[in-house]
Structure formats: C-alpha cells, structure tokens
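1. build me a structure from this.
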Amino acid sequence: MPLNNKEKQMTDVVRKDVLARLQDGDYSCAKEFTLAMFAGKWKLIVLCHLDAHGTFRFNDLRRLLPRVTHKVLTSQLRELEEDQLISRREVLGPRKKVYYQITPLGHSLMPIIDAMCDWGDARIAQLRVDPTFSADESVLPTE
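-> Coordinates of the predicted model:
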C-alpha cells in the first residue's frame, strides 16, 4: 500500500543512534538495519499485538508481558515511537490515558515479521519441543 504525503514525511525520522550507525557503516547490509528496527526483547511482540488487536494502553501491554519492567517497556515503546513504527496518543482528564497503536510504517514490517514467525513455528515443530512463551495472551481481547 503506497504511503500518503503525511506518512512519507513521518518516515524520514529514525532514532539518532540508528541513523548514526547507518551513516557510519555499522550495519553490514539493509537486512541488518531492518532487524535493528524491531530488535529488542519486547518490540517484536508489541508490534505484533498492536497490529493484530489495535490500540493498547500501557498497562494492557504490561499485563500481556508480565515479565517486562515498567522502565524497559517505556524504553522500548519510546524507541518504537521514535522510529515511527508506533504512535502514542495522550488523552488528558482526571487521569491521563496513553494509547499506543501501530503506524502504517510499522504495519509495513508485518509481512517480514509474519514470515519470521512462520519460520520459527516450523523450526519449533522440527525440534519437537513444546515451548513456553512469556507473553500472557489470555489477557488479549476476544474477537
């Protein structure tokens, strides 16, 4: 799906350290740069669930990822936002509410992430193990 003008303007933003590494030749290729966009212990699962289930509040994500600390989740969300892969919306009121959702740029990564998931599922099946994952998907909305 082509990006509109506003989305094109948003896509020229990336974390300063990532941009510096890109300009300094620290990435061996575009594939390594792409992986850096969602590298991080919780970024991949956050992107997947925002894409599949829509908007989440911070505490919804904390319930989904019971092992993540407040500090680490905040940091990972901030990096995803700086890279324009998710957006953050604040609603002011008696209690401030913060909502996160995937952006069109973040959504454009999903075919790559889905292919990685398919590969992982196939490899797990080959290994004949019954994995235990740390995300608590029982807290997700039912459709």
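2. what segments of the protein are strands?
-> All strands of the chain, identified by DSSP state E, fall at 56-57, 86-91, 97-102.
3. could you dump these to TSV with distance to residue 38, mean pLDDT and mean neighbour count?
-> Every residue, glycine included, has its C-beta placed from N, CA and C. Output for the strands of the chain, formatted as TSV (distance: least, C-beta to C-beta, whole Å; pLDDT from 0 to 100; neighbours: other C-beta atoms under 10 Å):
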stretch	distance to residue 38	mean pLDDT	mean neighbour count
strand 56-57	16	96	18
strand 86-91	11	96	14
strand 97-102	11	96	17
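4. for residue 115, which of those strands is the nearest?
-> Closest approach to residue 115 among these (C-beta to C-beta): strand 97-102, 17.3 Å.
5. run the chain-centre distance for that closest one.
-> Centre-to-centre, strand 97-102 and its host chain are 12 Å apart (C-alpha atoms, centre = their mean, to the nearest Å).
6. also stretch 57-75?
-> In terms of C-alpha atoms, centre = their mean, the centre of stretch 57-75 is found 13 Å from the chain centre.
7. so which bits of that stretch are buried?
-> For stretch 57-75, a neighbour-count test (16 or more other C-beta atoms under 10 Å) marks 60, 61, 62, 64, 65, 68, 73 as buried.
8. the chain: helices as residue ranges?
-> All helices of the chain, identified by DSSP state H, fall at 5-10, 16-23, 30-38, 43-53, 58-64, 70-82, 104-107, 110-127.
9. which one, of those helices, ends up nearest to residue 96?
-> Nearest to residue 96, of all these, is helix 58-64, at 10.4 Å by C-beta to C-beta.
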